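**Student:** okay, predicted coordinates and the sequence, questions at the end:
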Amino acid sequence: MGLLTAAGAATGAAFASLAAWLWLTFAQGMFWRTDVRLPRRTAPARWPSVAIVVPARDEAGVLPRSLPSLLAQDYPGEAEVVLVDDGSTDGTAALALRLAGEEPGLPLTVVSPGAPAPGWTGKLWALRHGIAHARTAHPAEPDYLLLTDADIAHEPDSLRELVAAATSADLDLVSQMARLRVVSFWERLVVPAFVYFFAQLYPFRRINRPGARTAAAAGGCVLLRTGAAVKAGVPDSIRQAVIDDVSLARAVQRSGGRIWLGLAERVDSVRPYPVLGDLWRMVSRSAYAQLRHRPVLLAGTVAGLVLVYLVPPAALLAGLVSGHPAVAWAGGLAWLLMAGTYLPMLRYYRQPAVLAPLLPFTAFLYLLMTVDSAVQHHRGRGAAWKGRTYARPSDA
């Protein structure tokens, strides 16, 4: 009786996983496709003014590769760069000014807002002051704000293409998910999966439909209409958000703004994550916040990851060993769908197809990172980043 019960449970799990993968593949907004790039665009009759706001905290290691790319933007309209030094201790501000003085380019202003006020995350506090400076430093406030992280490098035409896309499609927010660095072994194993999982949670095609209810953005590269920011009350309305990019997109969407999100072609992150520990901290610092710090959502997420990613290879192996072909076939087909939908992301990151069958192992790492995020939160060390730890919003 016990063996029959175990066999039935294995069969049920295998077919449930297969059903999940059939739904994900064909009914989850075609999340696995990587062809969502900037929409068709034409040059506007008048190029709007833009303020590029860069929050930076201890970024001296990456600024030499990122900041010059912003200062060198080939933009036909009026543009400037505002770097917000968020309490850096590594000479970030002085380095930024030196880099700006070495080559001619867009004008650079460095501002230092001081420590975040209670209830604010550091990045959003920095953005608040950078946006305020951009809006008040000149007689006319900028038409658009480009919010970009200090580790993001832009090709010379990046700003021009972003603005053309926004004006052509009358978009209030245009965001590109920068291509993250993939050099080390762990970056190759973990980074493409990070973007794949993000797209699975927030299918780009659904986000980009007029009237969509799904909202998300990629915080490394967000072009935001200034009027839309004012209407949405950002960043003040999302000042406690740890996952600030998704919160920003939701605020703009709720206020009636049109948003767009896609993959970047000419925007890259230069931040290295050479060892697993670096990637672990990057994911775990916000994973539990994504689940709104709720144990029931954590339990559901763990169960979902097990069913969707771990059951297929386990069912294939168990079916082959125990002589249950139905279990083996269901597990094998689910694993095949998983690997097949992962291939486009691997191609986007120029990685070998042999990594596709390893996605269950990578998903298991993400499961552990998510659990560790919850553990660290309950130990009082959740959402820690660069010397700061943020409480859940209700406790802030």
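**Tutor:** Sure thing, it's come through.

**Student:** I'd like the next helix or strand past whatever helix or strand Val195 lives in.
**Tutor:** When elements are assigned from DSSP states H and E, Val195 belongs to helix 185-201. Proceeding N to C from helix 185-201, the next assigned helix or strand is helix 204-207, under DSSP H and E.

**Student:** could you pull out the buried residues of that next one?
**Tutor:** Going by neighbour count (16 or more other Cβ atoms under 10 Å), the buried part of helix 204-207 is Phe204, Arg205, Arg206, Ile207. To be clear about C-beta, it is placed using only N, CA and C from the backbone, and glycine gets the same treatment.

**Student:** tell me the confidence at the last one?
**Tutor:** When you say that, I think you mean Ile207. Looking at Ile207, its pLDDT stands at 97.

**Student:** tell me if Leu261 really is in a strand.
**Tutor:** Yes - counting by DSSP: H, G, I helix; E, B strand; the rest coil, Leu261 is found in a strand.

**Student:** show me what contacts it?
**Tutor:** Leu261 is in contact with Val36, Ser175, Gln176, Met177, Tyr202, Phe204, Ile207, Asn208, Ala216, Ala217, Ala218, Ala249, counting by Cβ atoms under 8 Å, 6 or more residues apart in numbering.

**Student:** and for Leu358?
**Tutor:** Leu189 are the contacts of Leu358 under Cβ under 8 Å, 6+ apart.

**Student:** cool, Ala328 as well?
**Tutor:** Per Cβ under 8 Å, 6+ apart, neighbours of Ala328: Ala315, Leu316, Ala318, Gly319, Leu320.

**Student:** pipe those residues into TSV and attach distance to Met282, neighbour count and pLDDT per row.
**Tutor:** Output for the contacts of Ala328, formatted as TSV (distance: Cβ to Cβ, whole Å; neighbours: other Cβ atoms under 10 Å; pLDDT from 0 to 100):
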residue	distance to Met282	neighbour count	pLDDT
Ala315	31	29	97
Leu316	31	21	97
Ala318	34	20	94
Gly319	36	22	95
Leu320	37	14	95
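
**Student:** in helices, which of those residues appear?
**Tutor:** If you go by DSSP state H, those have Ala315, Leu316, Ala318, Gly319, Leu320 in helices.

**Student:** among the residues you listed, which two are most distant?
**Tutor:** Pairwise distances across the ones in helices among the contacts of Ala328 peak at 9.6 Å for Ala315 and Leu320 (criterion: Cβ to Cβ).

**Student:** and the helices in the stretch 51-200 of the chain, which stretches?
**Tutor:** Secondary structure of the stretch 51-200 of the chain, counting by DSSP state H, counting those that start in this stretch: helices at 63-71, 92-102, 122-136, 158-169, 185-201.

**Student:** what's the average pLDDT for the second one?
**Tutor:** When the per-residue pLDDT values of helix 92-102 are averaged, the result is 96.

**Student:** return the set of buried residues in it.
**Tutor:** By neighbour count with 16+ other Cβ under 10 Å, helix 92-102 contains the buried residues Thr92, Ala93, Leu95, Ala96, Leu99, Ala100.

**Student:** can I get those in a markdown table with distance to Leu63?
**Tutor:** As requested, those are arranged in a markdown table below (distance: Cβ to Cβ, whole Å):
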| residue | distance to Leu63 |
| --- | --- |
| Thr92 | 7 |
| Ala93 | 10 |
| Leu95 | 6 |
| Ala96 | 6 |
| Leu99 | 7 |
| Ala100 | 10 |
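
**Student:** wait, Arg271 sits on Arg65?
**Tutor:** No - using Cβ atoms under 8 Å, Arg271 is not in contact with Arg65; the gap is 9.5 Å.

**Student:** have a look at these two and say which one is more surrounded.
**Tutor:** Arg271 (20 against 14; other Cβ atoms under 10 Å).

**Student:** what's the nearest residue to the more buried one if we skip its chain neighbours?
**Tutor:** The shortest distance from Arg271 to any residue other than its chain neighbours is 3.8 Å, reached at Asp151 (Cβ to Cβ, 6 or more residues apart in numbering).

**Student:** does the one you found touch Ala60 like I think?
**Tutor:** No - using Cβ under 8 Å, Asp151 is not in contact with Ala60, being 11.5 Å away.

**Student:** out of the two, which sits in the busier spot?
**Tutor:** Under the neighbour definition other Cβ under 10 Å, Asp151 and Ala60 were set side by side, and Asp151 has more, 22 against 17.

**Student:** ramachandran angles for that one?
**Tutor:** phi -100, psi 10 (degrees, to the nearest 10).

**Student:** for Ala229, see how far away it is.
**Tutor:** When Cβ to Cβ, to the nearest Å is applied, the distance between Asp151 and Ala229 equals 23 Å.

**Student:** low-confidence ranges in the stretch 251-396 of the chain?
**Tutor:** 382-396 (pLDDT under 70).

**Student:** in the stretch 151-300 of the chain, which spans are strands?
**Tutor:** For the stretch 151-300 of the chain, the strands defined by DSSP state E, counting those that start in this stretch cover 152-154, 173-179, 221-225, 259-269.

**Student:** can you list these in CSV and add distance to Ala326?
**Tutor:** Output for these, formatted as CSV (distance: least, Cβ to Cβ, whole Å):
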stretch, distance to Ala326
strand 152-154, 49
strand 173-179, 39
strand 221-225, 47
strand 259-269, 38
